[in-house]
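Peer 1: My questions are about this predicted structure, shown below with the sequence.
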Amino acid sequence: MPMLPARHYESEHTQFMRKLLEQKPQLETEQKKSRAIWWDKTPAQLDERRVMDASRVQQKPYVYGSE
């Protein structure tokens, strides 16, 4: 029979994260702002990106020495 973890067990990492968020509650807000800069994109931005990708000029397979 496999051993099951204790029901009330918390890893050291989870304990660390809980303490950190208690000490610095603004971290979650800052994390959301930073994520929005790099990852969360609006549909308009995604459409603009698709247009730029579609208009890209194809590069030759071997750029050095091909004329």
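Peer 2: Yes, it's here. Residues are numbered from 1 along each chain as shown.
Peer 1: how close does the most centrally placed residue in the chain get to Arg50?
Peer 2: Taking Cα atoms, centre = their mean as the criterion, Trp39 is the residue nearest the geometric centre of the chain, at 6.1 Å. Between Trp39 and Arg50 the distance is 17 Å, computed by Cβ to Cβ, to the nearest Å. C-beta here means a position set from N, CA and C on the backbone, and glycine is covered the same way.
Peer 1: Contacts for the strand or helix carrying His13 next, please.
Peer 2: Assigned by DSSP states H and E, His13 belongs to helix 12-23. Here helix 12-23 makes contact (Cβ atoms under 8 Å, 6 or more residues apart in numbering) with 10, 27-28.
Peer 1: Redo the residues you listed as a markdown table? Include neighbour count and distance to Leu46.
Peer 2: What follows is the contacts of helix 12-23, written out as a markdown table (neighbours: other Cβ atoms under 10 Å; distance: Cβ to Cβ, whole Å):
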| residue | neighbour count | distance to Leu46 |
| --- | --- | --- |
| Glu10 | 11 | 39 |
| Leu27 | 12 | 28 |
| Glu28 | 10 | 26 |
